[in-house]
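Enquirer: build me a structure from this.
(one chain, ligands or ions: 1)
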Amino acid sequence: MLLRVLPACILALSLTAAADEQLEFLEEQPSLAEAYTSEAGEAEADLPPPIEPTDPIDLEPQQPEELEGPEPWGRFRLLNTELEPNTKATLDWYSGHLAGGFDVATPVIVIHGSEPGPRVCITAAVHGDEVNGVEIARRVVSQLKPETLKGTVISVPVVNIDGLWRKDRYMSDRRDLNRAFPGHPQGTTAGRVAYSLFNSIIKHCDTLMDLHSGSMFRENNTQLRADLTIPEVSELAKQFGAIAVLSSIAPPGSLRGAATSAGIPTVVMEVGGPYTVDEAQVETGVKAIQSYLSSVNMLPRSFFWSSPQPVFYSSQWVRSKDGGILISQVDLGQRVRKGQLLGTIANPISDEIEEVFAPFDAEVLGRAQNQFVSAGYAIYNLGERRSIEDLEQEAELIKQQLAASSAEQMGVEQRKDSEETTPEDGQEQSTSSDTTDEPAQPVDSDSDATEEAATEPQPIPAERMPQPEDEDG
Ligand SMILES: [Zn+2]
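Expert: Numbering: from 1, shown residues only. Purely as a prediction, here's the structure:
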């Protein structure tokens, strides 16, 4: 295993945009290098095969412990502070984002346990209007005692402290912090805060759970969002007990995506809606995190749920056809049958009533609260139970489809430049301007062209592709 670490570092270096920082990071935490390698496992074919130990003596070398096992347990240094084992402390993180000559410290709570173990990070209120996570982080941390903790928990209960004061999802520059990671020291306000958080704190984590709530007066049943195509994330998502896990690819710029790309398996936990605290949902979230800490042996196993198995879902948003006042007929977590009435949307002028029905048997994983909705507003996030294997395959297809779509857009640009002088071949092209000669999976898959693709993987229907409302609300 030791001998795999060096190729792993090299591979990680080649796969990472911020190569220098990444190398430094991986050198600091070599155990993550291996995790990162297996994420990009297909690239291992280009590397020398790992050398298998043949002598039983090799199975217990001294050096690997230093490189990939738990670090020798001792002081933990964070934010210019050294913590002894068996310590709980509140540190100050200065993100530097408040211009005007003053800065406000953001509290970071660290529980450095008495015995070795993983370093687990919890972040909440990356969006300032999402307070369920703040309360979850508080409850989890308040119950942790360093003398009984194995490992270290780092909690940033209010990342976007400025947004929390203003009850605002966004940063003061109106940008979404959760689309600014890993950030840049000379970037936008959001980019600078993201960079500071990422480099000051997140890089020190072995795993991360980022707590969110629904956006725009939407609410979610407590659930994890996880990219199941990444084995380390998939493993992580299995360890929170009996919680819903949605297969979900991290959006560009999200903390989840950036941290995972840096070798830190990350899940988002979605809990309830914005602005308010949902006691029951919060308790579910607390229990899930405690289950996780127990399952990785950081806490005694007494926190396990009686039914520890997560339930995996794909999900799909149902949108309003017309605008009006939405009144729901179903609750969060409710099972619904295909054709069941989910809610009504009343046009305040014409008095017409739009009825919204479930398009398939499902569970209501998220919904818009009763409110005025515009046409096309995402109102119900319906979950379909699936096997994790199915979801992994589907997520891979979605990634391929997204990549093809992105390449297609670039190809369109190129073809526009060259199509007048260099027609491709003699074949007629589709009149659709967004086709290429790739076996592209049209994003709009409502067409009837399924027969042609009988041997190809079926394209993911447009409504199953990632939607803005899906992600890390
Ligand atoms: Zn959020």
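Enquirer: any idea how far the residue nearest to Glu463 when sequence neighbours are not counted lies from Tyr195?
Expert: Nearest residue to Glu463 in three dimensions, chain neighbours excluded: Gln316, at 5.3 Å (C-beta to C-beta, 6 or more residues apart in numbering). Where C-beta positions appear, they are placed from N, C-alpha and C, glycine not excepted. When distance is defined by C-beta to C-beta, to the nearest Å, Gln316 is 35 Å away from Tyr195.
Enquirer: one more: Pro231?
Expert: Distance from Pro231 to Tyr195, by C-beta to C-beta: 28 Å.
Enquirer: repeat that for Lys238.
Expert: 31 Å.
Enquirer: next one: phi and psi at the residue in the stretch 301-450 of the chain that the ion sits nearest to?
Expert: When distances are taken as C-beta to the ion, the stretch 301-450 of the chain reaches nearest to the ion at Gly366, 12.6 Å away. Dihedral angles of Gly366 (phi, psi; degrees, to the nearest 10) stand at phi -160, psi 150.
Enquirer: who touches it in this structure?
Expert: 214, 218-221, 270, 315, 332, 380-381, 469 (C-beta atoms under 8 Å, 6 or more residues apart in numbering).
Enquirer: please repeat the previous calculation with a cut-off of 6 Å.
Expert: Gly366 makes contact with 220, 381 under the criterion C-beta atoms under 6 Å, 6 or more residues apart in numbering.
Enquirer: for Pro231 and Tyr195, indicate the residue with more neighbours.
Expert: Tyr195 (20 against 14; other C-beta atoms under 10 Å).
Enquirer: check contacts around the more buried one.
Expert: Tyr195 neighbours (C-beta under 6 Å, 6+ apart): 183-185.
Enquirer: also Ile289?
Expert: Per C-beta under 6 Å, 6+ apart, neighbours of Ile289: Val140.
Enquirer: using the three-state scheme, assign it.
Expert: helix (DSSP: H, G, I helix; E, B strand; the rest coil).
Enquirer: grab the nearest non-local neighbour of Thr189.
Expert: Asp173 (4.0 Å).
Enquirer: these two touch, right, that neighbour and Gly191?
Expert: No. No contact is recorded between Asp173 and Gly191 when judged using C-beta atoms under 6 Å, the distance being 9.4 Å.
Enquirer: pick out whichever of the two has more residues nearby.
Expert: Gly191 (23 against 15).
Enquirer: what does the pLDDT read for the more buried one?
Expert: The model reports Gly191 with a pLDDT of 94.
Enquirer: that one: which element?
Expert: helix 189-200 (DSSP states H and E).
Enquirer: make sure Arg256 is indeed in a helix.
Expert: Yes. Checked against three-state DSSP, Arg256 lies within a helix.
Enquirer: verify the stated contact: it with Pro265.
Expert: No. With contacts defined as C-beta under 6 Å, Arg256 does not count as touching Pro265, sitting 9.7 Å away.
Enquirer: in the helix holding Gly191, what's buried?
Expert: 189-200 (16 or more other C-beta atoms under 10 Å).
Enquirer: now stretch 244-253
Expert: Neighbour count says stretch 244-253 has 244-251, 253 buried, by 16+ other C-beta under 10 Å.
Enquirer: max pairwise distance over these: which two?
Expert: Using C-beta to C-beta, those span at most 24.7 Å, a distance reached by Ala244 and Gly253.
Enquirer: still on that earlier bit, PyMOL command to pick out the buried ones of the contacts of Tyr195?
Expert: Selection of the buried residues among the contacts of Tyr195 in PyMOL, burial being defined by 16+ other C-beta under 10 Å:
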select buried, resi 183
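Enquirer: for the closest residue to the ion within the stretch 151-300 of the chain, the count of nearby residues, please.
Expert: For the stretch 151-300 of the chain, the residue closest to the ion is His212, as judged by C-beta to the ion, at 3.3 Å. By other C-beta under 10 Å, the residues close to His212 number 28.
Enquirer: same check on Asn80?
Expert: 8.
Enquirer: what pLDDT does it get?
Expert: 94.
Enquirer: what does the stretch 151-300 of the chain put close to the ion?
Expert: His212 (C-beta under 5 Å from the ion).
Enquirer: can you give me the strands for the stretch 151-300 of the chain?
Expert: 207-212, 218-226, 244-247, 266-272 (DSSP state E, counting those that start in this stretch).
Enquirer: including mean pLDDT and distance to Phe372, could the ones you listed go into CSV?
Expert: Shown next, in CSV, are those (pLDDT from 0 to 100; distance: least, C-beta to C-beta, whole Å):
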stretch, mean pLDDT, distance to Phe372
strand 207-212, 98, 24
strand 218-226, 96, 13
strand 244-247, 94, 27
strand 266-272, 97, 21
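Enquirer: just the ones you listed: most buried one?
Expert: strand 266-272 (a mean of 30; mean count of other C-beta atoms under 10 Å).
Enquirer: this structure: helices as residue ranges?
Expert: 2-15, 19-28, 30-39, 63-67, 132-142, 161-166, 189-200, 231-237, 255-261, 279-295, 388-418 (DSSP state H).
Enquirer: rewinding a little: for the buried residues of stretch 244-253, which one is nearest Pro310?
Expert: Closest to Pro310, out of all of these and judged by C-beta to C-beta, is Val245, at 4.7 Å.
Enquirer: how close does the closest one get to Leu293?
Expert: Taking C-beta to C-beta, one finds Val245 at 17 Å from Leu293.
Enquirer: for Thr344, which residues count as its bridge partners?
Expert: Note on Thr344: beta-bridge partners by DSSP bridges are Ile327, Glu355.
Enquirer: could you report the neighbour count for it?
Expert: Neighbours of Thr344 using other C-beta under 10 Å come to 15.
Enquirer: tell me the pLDDT at it?
Expert: Confidence score, pLDDT, at Thr344: 98.
Enquirer: ok, it - contacts?
Expert: 327, 353, 355.
Enquirer: show the contacting residues for the first one.
Expert: By C-beta under 6 Å, 6+ apart, Ile327 lies in contact with 343-344, 370.
Enquirer: go with 8 Å
Expert: 343-346, 370.
Enquirer: Gln467: neighbouring residues, count only.
Expert: 15.
Enquirer: low-confidence regions, the chain specifically.
Expert: For the chain, the stretches flagged by pLDDT under 70 are 1-72, 98-101, 302-307, 412-457, 468-473.
Enquirer: try 90
Expert: The chain contains residues with pLDDT under 90 at 1-73, 95-104, 161-162, 165, 171-174, 216, 300-309, 388, 390-473.
Enquirer: outline the domain layout of it.
Expert: Domain assignment for the chain by automatic domain parsing gives 2-67, 76-312, 318-383.
Enquirer: ok, which of those comes nearest Leu391?
Expert: domain 76-312 (4.0 Å).
Enquirer: so how far does the closest one reach from one end to the other?
Expert: End-to-end distance for domain 76-312, by C-alpha to C-alpha, to the nearest Å: 36 Å.
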